[in-house]
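Participant: Here is my input, please return the structure:
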Amino acid sequence: MIISDLNKIEGRTYPARRRTQNLVCGAAPIQATAFSMGFVTLDPNGGQVPWHNQEQEEVYYVVSGTGEMCLGDEVQDLVTGQAVYIPSGVYHQLSNKGDTPLTFIYVYGPAGDVAHWKEELAGTLPVAGKDVPALPEGAVYPQVV
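Facilitator: Numbering: from 1, shown residues only. I've put the predicted structure just below:
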């Protein structure tokens, strides 16, 4: 039996003020081919998964906190207990609106790395409205690059 224990997974901290801990795939003990799964903590007041898209379809499930979700041309608040479906190829961004950490679980498939992790660490993430489509009208939080 292979078990991923969130309490034992250090994870990685990204420039946009978030910590990502892989539970399935990546550096996690559990490896799958159909999906990847992880736990993300966004720092208070603007910690973010920056504007990006990917080939995999994905779901975010908010464990705690309140965030601004940008998806394609839509903006909506996400709160504890809500899940959002992110279709393949659609640009999206999640920003923490609160004074406490926002935590969420992501699941995407098929498994594999997504380019925005490496791009963000390298400082080469495409810029919203310049290199890729702009954030939707009404978005409060700019893309962290």
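
Participant: Just confirm Q93 contacts V140, I think it does.
Facilitator: No. In this structure, Q93 is not within contact of V140 by C-beta atoms under 8 Å, at 11.1 Å. (C-beta placed from N, C-alpha, C; glycine too.)

Participant: When the two are compared, which one has more neighbours?
Facilitator: Q93 (24 against 11; other C-beta atoms under 10 Å).

Participant: Return the helix or strand bottoming out on mean pLDDT in the chain as CSV; C-alpha atoms alone will do.
Facilitator: Lowest by mean pLDDT, DSSP states H and E among the helices and strands of the chain is helix 115-122, with a mean of 93. Extracted in CSV, the C-alpha atoms of helix 115-122 (Å, rounded to 0.1, in the frame of the first residue of the first chain):
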residue,chain,number,x,y,z
ALA,A,115,4.0,24.3,-17.7
HIS,A,116,3.0,27.2,-15.5
TRP,A,117,4.8,25.7,-12.5
LYS,A,118,8.2,25.8,-14.3
GLU,A,119,7.4,29.1,-16.0
GLU,A,120,6.6,30.8,-12.7
LEU,A,121,9.7,29.6,-11.1
ALA,A,122,11.8,30.7,-14.1
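
Participant: tell me which strands and helices that helix is in contact with?
Facilitator: If you count contacts as 3 or more C-beta pairs under 8 Å, 6 or more residues apart in numbering; DSSP states H and E, helix 115-122 packs onto strand 12-14, strand 48-52.
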